[in-house]
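Novice: dropping a prediction and its sequence here:
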Amino acid sequence: MFHVLNITYLQPLDVIDQSRPAHLEWLKGEVEGGRILLAGRLESQDGAVLVAADMSAEEADAIAAAEAKLRTQVGE
């Protein structure tokens with residue numbers, strides 16, 4: 001099953017952008033590994049969406065948790 005992971009930013013965009021380089025490096029690995037198919041910031045700039053590949057709900061939850069740890073206290 002494919003999964004859409006909705007991320008809502010908890011901090012202002014300038015704080016979010018501080019973690020962007022690490023996030024993009026993490027995201028590159030997930031895309032190369034075939035776990036993330038699409039990703040992008042919302043037009044409203046208050047969150048993002050990740051589309052996960054065909055995987056279990058547990059695997060999608062693990063990806064969401066890894067992304068959240070990367071951006072601790074920045075998004076959920």
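Specialist: Sure thing, it's come through. Residues are numbered from 1 along each chain as shown.

Novice: what packs against the helix or strand encompassing A48?
Specialist: Secondary structure from DSSP states H and E places A48 in strand 47-52. The helices and strands touching strand 47-52, judged by 3 or more CB pairs under 8 Å, 6 or more residues apart in numbering; DSSP states H and E, are strand 3-8, strand 36-41, helix 57-70. Bear in mind the C-beta positions are built from the backbone N, C-alpha and C, glycine included.

Novice: closest one to G29 among these?
Specialist: strand 36-41 (9.1 Å; CB to CB).

Novice: which strands and helices lie in contact with that closest one?
Specialist: Applying 3+ CB pairs under 8 Å, 6+ apart, one finds that strand 36-41 contacts helix 20-32, strand 47-52.

Novice: in the shortest one, what counts as buried?
Specialist: Within strand 47-52, the residues that count as buried by 16 or more other CB atoms under 10 Å are 48, 50, 52.

Novice: for the first one, same thing?
Specialist: If you call a residue buried by 16+ other CB under 10 Å, then helix 20-32 has these buried ones: 23, 26-27, 30.

Novice: and which of those is nearest T8?
Specialist: T8 has its nearest neighbour among the buried residues of helix 20-32 in H23, at 14.9 Å by CB to CB.

Novice: in this structure that closest one contacts A66, no?
Specialist: No - between H23 and A66 there is no contact, the gap being 10.7 Å when judged by CB atoms under 8 Å.

Novice: tell me which residue of this structure is furthest from the middle?
Specialist: M1 (17.8 Å; CA atoms, centre = their mean).

Novice: which SS class is the closest residue in space to it that isn't next to it in sequence?
Specialist: Leaving out its chain neighbours, the residue that sits closest to M1 by CB to CB, 6 or more residues apart in numbering is D54, at 6.5 Å. For D54, the assignment made with DSSP: H, G, I helix; E, B strand; the rest coil gives coil.

Novice: centre of the chain to stretch 44-51, how far?
Specialist: Chain-centre distance of stretch 44-51: 8 Å, with CA atoms, centre = their mean, to the nearest Å.

Novice: what comes up buried for the helix or strand bottoming out on mean pLDDT in the chain?
Specialist: Lowest mean confidence among the helices and strands of the chain (mean pLDDT, DSSP states H and E): helix 57-70, at a mean of 84. Using 16+ other CB under 10 Å as the burial criterion, the residues of helix 57-70 that qualify are 60, 63-64, 67.
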